[in-house]
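Enquirer: Model the structure of this input:
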Amino acid sequence: MNLNQRQQQILQRARQTGSVAIEELAAHFGVTPQTIRRDINLLCESGLLRRFHGGAGLPSSVENIAYPARQVLHHDEKRRIGRLVAQHIPGQSSLLINIGTTTEEVAKALVDHADMRVITNNLNVALLLSDHPGFEVIVAGGAVRRRDRGVIGEATIDFIKQFKVDFGIIGISGIDMDGTLLDFDYREVRVSQAIIANSRKVLLVTDHSKFGRNAMVRLGSIAEVDMLFTDRPPPAAMTDLLAQAEVQVFVA
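Expert: Below is the predicted model:
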């Protein structure tokens, strides 16, 4: 889904203030309230905002967008990110890949690589790569989350701790403007923390909508990331943090 300029600005205003009002937006943009309602409905259907009487606010910080919706949300951007990441992963590498629709796009882009070893707690990634003869795919044990086929739990963490890989590839649900990495499920977060701790280089893959997005569980800091792959230049405040932490930024 591609947002037009007005819809992007509505979303930006909501992130700055926490909520937006239809009448106020109509006056600001010089359009009818019906036009703004259509914009709001689109943003709410995509999970980017949550509707209330007379306006909309940021979505819940305690529950993520449903997996089928995330699969199509910003799909072109995620696909570009995946292709760019694949260009920076040499053959004969070992990888840890976590749960997420963007990491799944990375997996799709890696299929032409040779002699790869992939450890993952994402059954979708395992299915994407296991048919290719140049890959050895190792699936972490644990409890399978039905909604997205992610594997989580203490057994998953213990399994990942057995490895030390070349690249850890992680997705994220939100990045606070102070550089805090955020997600919704503390069990998933603990697995991602184990991936960070057991990777020589950490690659964070995230589309632009995650900057400033709320989620309730703290994963870590942007300073723990070596390379950030996204589809637009990060906000100015985030750019300063990334520079201070010496994080390499790649824009697809």
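
Enquirer: so what pLDDT did residue 60 get?
Expert: Residue 60 carries a pLDDT value of 65.

Enquirer: Same check on residue 87?
Expert: Reported pLDDT for residue 87: 97.

Enquirer: quick one: it from residue 168, how far?
Expert: Applying Cβ to Cβ, to the nearest Å, the value for residue 87 to residue 168 is 17 Å. For glycine as for every other residue, the C-beta is placed from the backbone atoms N, C-alpha and C.

Enquirer: From residue 235, how far out is residue 16?
Expert: Residue 16 is 11 Å from residue 235, by Cβ to Cβ.

Enquirer: can you check residue 2 too?
Expert: 19 Å.

Enquirer: between those two, which one's more packed in?
Expert: Counted by other Cβ atoms under 10 Å, residue 2 and residue 235 do not tie: residue 235 has more neighbours, with 16 against 9.

Enquirer: Could you find the closest non-adjacent residue to that one?
Expert: Leaving aside its chain neighbours, residue 235 sits nearest to residue 211 (5.6 Å; criterion: Cβ to Cβ, 6 or more residues apart in numbering).

Enquirer: For the one you found, which residues count as its bridge partners?
Expert: residue 175 (DSSP bridges).

Enquirer: my read: it touches residue 173, true?
Expert: No. Counting by Cβ atoms under 8 Å, residue 211 stays clear of residue 173, with 11.6 Å between them.

Enquirer: neighbour count winner among those two?
Expert: For the pair residue 211 and residue 173, the greater number of neighbours falls to residue 173 (24 against 18), based on other Cβ under 10 Å.

Enquirer: shaky segments in the stretch 51-200 of the chain?
Expert: 60-67, 69, 71 (pLDDT under 70).

Enquirer: tell me which residues of stretch 209-222 are tucked away?
Expert: By neighbour count with 16 or more other Cβ atoms under 10 Å, stretch 209-222 contains the buried residues 209-215, 217, 219-220, 222.

Enquirer: taking those residues one by one, which sit in strands?
Expert: The strands, defined by DSSP state E, take in 217, 219-220 from those.

Enquirer: Show residues contacting the helix or strand harbouring residue 195.
Expert: Using DSSP states H and E, residue 195 maps to helix 186-197. With Cβ atoms under 8 Å, 6 or more residues apart in numbering as the contact definition, helix 186-197 has outside contacts at 96, 98-99, 121, 140, 150-153, 156-157, 160-161, 168, 170, 172, 183, 202, 217-220, 224.

Enquirer: ok and the following helix or strand past it relative to strand 217-221, angle-wise?
Expert: Note on helix 186-197: by DSSP H and E, the next helix or strand toward the C-terminus is strand 199-205. Here the directions of strand 199-205 and strand 217-221 differ by 120 degrees (axes from the mean of the first three to the mean of the last three Cα atoms, to 10 degrees).

Enquirer: correct me, but residue 103 touches residue 171?
Expert: Yes. When contacts are counted by Cβ under 8 Å, residue 103 is listed as touching residue 171 (4.7 Å).

Enquirer: Pull up the overlap in contacts between these two.
Expert: residue 205.

Enquirer: circling back to that earlier point, how about the helix holding residue 195 as CSV, C-alpha atoms only?
Expert: In CSV, the C-alpha atoms belonging to helix 186-197 read as follows (Å, rounded to 0.1, in the frame of the first residue of the first chain):
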residue,chain,number,x,y,z
TYR,A,186,8.1,-10.3,25.5
ARG,A,187,8.8,-13.9,24.5
GLU,A,188,9.5,-12.9,21.0
VAL,A,189,11.7,-10.0,22.3
ARG,A,190,13.8,-12.4,24.4
VAL,A,191,14.5,-14.5,21.3
SER,A,192,15.5,-11.4,19.3
GLN,A,193,17.8,-10.4,22.2
ALA,A,194,19.5,-13.9,22.0
ILE,A,195,20.0,-13.4,18.2
ILE,A,196,21.7,-10.0,18.8
ALA,A,197,23.9,-11.5,21.5
